[in-house]
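Enquirer: Structure here, sequence nowhere to be found:
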């Protein structure tokens with residue numbers, strides 16, 4: 001079996017983080033929870049559930065993901081695959097097996113879990129999320145011929161390909177940056193339909209007008225940046 005490590009950015013997810021960790025298949029080599037300046041019991045609950053816990057005091061989804069990657073880079077043994085997963089229990093962690101299957105079985109570089117309508121629990125994605133995903137993936141199709149339909153956070157990528165992307169976004173643009181750079185570098189990719197449910201707690205991004213606006217600006221900014229970049 002390939003060595004798989006999971007990175008979970010988490011900001012005040014004390015009520016959900018243990019559920020996420022417990023549902024991750026035992027074939028995973030290490031679960032890394034990056035507490036993104038949490039002020040509740042997220043860190044303690046994650047540690048008690050068996051995860052490696054890191055702290056990133058700078059707020060931002062990208063900051064947390066980069067912290068996890070930096071930790072992995074300093075280990076003696078590097079993974080074959082890195083999986084990114086949210087800490088709010090909206091994804092089904094047990095589906096990790098089918099997320100990594102195309103990499104293991106078909107040598108695919110990059111897999112995105114697509115939150116398709118028929119597998120989404122009612123209300124699990126806000127109207128602005130649905131529209132934002134449609135607009136972003138539509139623009140990627142127009143500019144790059146992409147086949148993406150979602151910017152889903154549940155994703156897996158070969159570790160060497162992840163390093164080659166040279167990820168840099170610190171906040172809301174992390175997912176779209178990864179997909180744009182995968183297109184630019186001509187990585188092989190596929191979407192796998194995944195189940196999606198209402199998260200535990202309130203979203204820090206889509207649950208607020210400010211978060212939704214800033215996320216939309218950041219995502220569109222990345223798309224237009226790469227559209228006109230030679």
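Expert: All right, it came through fine. Being a predicted model, the structure only gives us computed values, none of them experimental.

Enquirer: Identify the residues contacting residue 41.
Expert: Contacts for residue 41 (Cβ atoms under 8 Å, 6 or more residues apart in numbering) come out as residue 14. To be clear about C-beta, it is placed using only N, CA and C from the backbone, and glycine gets the same treatment.

Enquirer: and after the strand or helix carrying residue 71, which helix or strand comes next?
Expert: Per DSSP states H and E: residue 71 is located in helix 61-73. Heading C-terminal from helix 61-73, the first helix or strand you meet, by DSSP H and E, is strand 81-84.

Enquirer: How about residues contacting that next one?
Expert: 2-9, 28, 65, 69, 72, 96, 99-100, 103-104, 153-159, 162.

Enquirer: List the buried residues in whichever helix or strand comes after that strand.
Expert: The C-terminal neighbour of strand 81-84 among helices and strands, as given by DSSP H and E, is helix 96-106. Burial within helix 96-106, assessed by neighbour count using 16 or more other Cβ atoms under 10 Å, is assigned to 96, 99, 100, 102, 103.

Enquirer: quick one: the residue nearest the centre of the chain and residue 25, what's the gap?
Expert: Nearest to the mean C-alpha position of the chain, counting by Cα atoms, centre = their mean, stands residue 153 at 3.0 Å. Distance, residue 153 to residue 25, using Cβ to Cβ, to the nearest Å: 18 Å.

Enquirer: now swap in residue 8 and tell me
Expert: Residue 8 is 14 Å from residue 25, where distance means Cβ to Cβ.

Enquirer: Residue 85 too?
Expert: With the distance defined as Cβ to Cβ, residue 85 ends up 12 Å from residue 25.

Enquirer: which residues are in contact with both of these two?
Expert: Shared contacts of residue 85 and residue 25 (Cβ under 8 Å, 6+ apart): 93, 96.

Enquirer: So if I had to pick from those two, which one is more boxed in?
Expert: residue 85 (28 against 13; other Cβ atoms under 10 Å).

Enquirer: just the strands in the chain please.
Expert: Assigned by DSSP state E, the chain shows strands spanning 4-10, 30-35, 52-55, 81-84, 110-114, 155-158, 189-193.
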